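K.L.:
pasting the structure only:
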C-alpha cells in the first residue's frame, strides 16, 4: 500500500515554514520595546509599562467580501491594512492606544509569496498605527477555499488610563460633531458594491473611470484609513474636551453615531458640510440606491467622527489645521434619539 503524507491531503508544512521565513522581517519591524520573545513561540508576549490604572480594550474584525475584489484583481498588498484598520480604529474611539495585533489567515493552499504580500500589508499598517504584530495563525485548509482564495481577520489590544477612558457619559447636548475624511469605501458594504459594479455594470476591474482618475479596481481596493496617528495626539492634547468618538463602519452615520451617545440623545448631521466623494456618488447612481440607504451602508466620505465640547471647537480646529488634518463640522448633539441627516445630496 502506498504511504501517504500530510502533503498528499493538501497541507504543505514546508510551504508554511517558508511563509514564516518570508514574513519574519516584516513582523519584527513592528516590535515595540514592550514585546518579549520572538516570532515562532506559542504565544505573543507583551509587558505593560508606564500606566497607573490601565484598562485594556480589545477589538476583532475581518475584511468581509472586499476580499472578492482582491481575488478578482490578484492584488493582495492592501488587504492587510484593512484588517488592521478595522480593529485599531474601533478600539481608538474609547481612547485606547493600540499595543499589539494578531492576525488569522486561512487559505486553501499555501502560496508563500501571497502570504508574504498579505502579511506585509498587515505589518506596514501595524507600524503606522504604533502597534506590534506579535503573532498570528496561517491555516492551510485544503478543500475549504477555492484556489487563490483566503480569509483574514485580526485582533487588536490597546490600553487607556482609567481616567482618560472615553465614554458616552461625557456627551452633552450642544456638543459639536467634527468629521475626519475617509480614504474611500473602507471595508463595508462590499456585497452591495460588488452587485452593482460587477453584476449591474459588468466591470472587470481594470476599467479606467474618469470621475475617479483611476481604475475601478484601484478605487475599490484603496485600504481603510488608519486614524491612530491623527487621533491619539488629539486625545492627549485635549483630554476631556473630546467627549466621544465614532468609527463609521457598517451602518453608516445612522447606526454608529448613536452608539456613542447617552440614552435620549440624538444627532443632527448637515450633509452640506462636506462633498460626498465621487465613488459614493457613482455607486448611488449606478445602483439607483436611495441616499438614506447609502448613508446607512457606507461612510460616504467621513470615516471618523469626533464629538467635542462646543466651547473648544475653534481650538481643536486650529490644532487639526496645524497638523495638516482636514476636517468638517458636520453636526451637533441634540435631545431626542436617532440621527437626522439633511441637506447636501439629500436635496439633489
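P.N.:
Thanks, I have the structure now. Everything numeric in this text was worked out from a predicted model, so none of it was measured.

K.L.:
where do the strands sit along the stretch 1-150 of the chain?
P.N.:
Using DSSP state E, counting those that start in this stretch, the strands of the stretch 1-150 of the chain run over 35-36, 45-46, 54-62, 97-107, 132-140, 150-161.

K.L.:
ok now the fifth one, how far from the chain's centre?
P.N.:
The gap between where strand 132-140 is centred and where its chain is centred comes out at 18 Å by C-alpha atoms, centre = their mean, to the nearest Å.

K.L.:
buried set for that strand?
P.N.:
Buried residues in strand 132-140, counted by 16 or more other C-beta atoms under 10 Å: 132-136, 138, 140. All C-beta spots, glycine's among them, are computed from the backbone N, C-alpha and C.

K.L.:
quick one, that strand and strand 97-107 angle?
P.N.:
Inter-element angle recorded for strand 132-140 and strand 97-107: 10 degrees (by axes from the mean of the first three to the mean of the last three C-alpha atoms, to 10 degrees).

K.L.:
strand 132-140 - what's its average pLDDT?
P.N.:
The pLDDT scores in strand 132-140 average 92.

K.L.:
which strands and helices sit next to that strand?
P.N.:
Here strand 132-140 touches helix 13-28, strand 45-46, strand 97-107, helix 112-129, going by 3 or more C-beta pairs under 8 Å, 6 or more residues apart in numbering; DSSP states H and E.

K.L.:
out of these, nearest to residue 53?
P.N.:
The closest of those to residue 53 is strand 97-107. By C-beta to C-beta, the value is 14.4 Å.

K.L.:
average pLDDT across that closest one?
P.N.:
Averaging pLDDT along strand 97-107 yields 96.

K.L.:
check contacts around residue 294.
P.N.:
252, 280, 283-284, 300, 345 (C-beta atoms under 8 Å, 6 or more residues apart in numbering).

K.L.:
can I get these in JSON lines with pLDDT?
P.N.:
Putting these into JSON lines (pLDDT from 0 to 100) gives the following:
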{"residue": "252", "pLDDT": "96"}
{"residue": "280", "pLDDT": "98"}
{"residue": "283", "pLDDT": "97"}
{"residue": "284", "pLDDT": "97"}
{"residue": "300", "pLDDT": "97"}
{"residue": "345", "pLDDT": "90"}
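
K.L.:
of these, which is the nearest to residue 161?
P.N.:
Once C-beta to C-beta is applied, the member of these that ends up nearest residue 161 is residue 252, at 31.2 Å.

K.L.:
number of residues surrounding residue 288?
P.N.:
8 (other C-beta atoms under 10 Å).

K.L.:
what separation do you get for it and residue 102?
P.N.:
Note on residue 288: its distance to residue 102, by C-beta to C-beta, to the nearest Å, is 41 Å.

K.L.:
once you drop chain neighbours, what's closest to residue 83?
P.N.:
residue 154 (4.2 Å; C-beta to C-beta, 6 or more residues apart in numbering).

K.L.:
was I right to think that neighbour contacts residue 101?
P.N.:
Yes - contact criterion C-beta atoms under 8 Å: residue 154 and residue 101 qualify, at 6.0 Å.

K.L.:
joint contacts of those two?
P.N.:
84, 87, 122.

K.L.:
got a pLDDT number for the residue nearest to residue 83?
P.N.:
Note for residue 154: predicted pLDDT of 96.

K.L.:
also residue 22?
P.N.:
For residue 22, the model assigns a pLDDT of 67.

K.L.:
let's have the chain start at 4 instead
P.N.:
All right, first residue 4 from here; so that's residue 25.

K.L.:
who touches residue 264 in this structure?
P.N.:
171, 174, 247, 270, 336.

K.L.:
isn't there a strand covering the third one?
P.N.:
Yes - when classified by DSSP: H, G, I helix; E, B strand; the rest coil, residue 247 is found to be part of a strand.

K.L.:
who's it bridged to?
P.N.:
residue 310 (DSSP bridges).

K.L.:
okay, now it: neighbour count?
P.N.:
Residues near residue 247, counting by other C-beta under 10 Å, number 24.

K.L.:
surely it touches residue 169?
P.N.:
Yes - Residue 247 is within contact range of residue 169, at 6.2 Å (criterion: C-beta under 8 Å).

K.L.:
what touches both of these two?
P.N.:
Joint contacts of residue 247 and residue 169 (C-beta under 8 Å, 6+ apart) are residue 96.

K.L.:
and the helices in this protein?
P.N.:
16-31, 70-76, 82-95, 115-132, 193-197, 219-223, 231-241, 255-259, 281-290, 294-298, 316-325 (DSSP state H).
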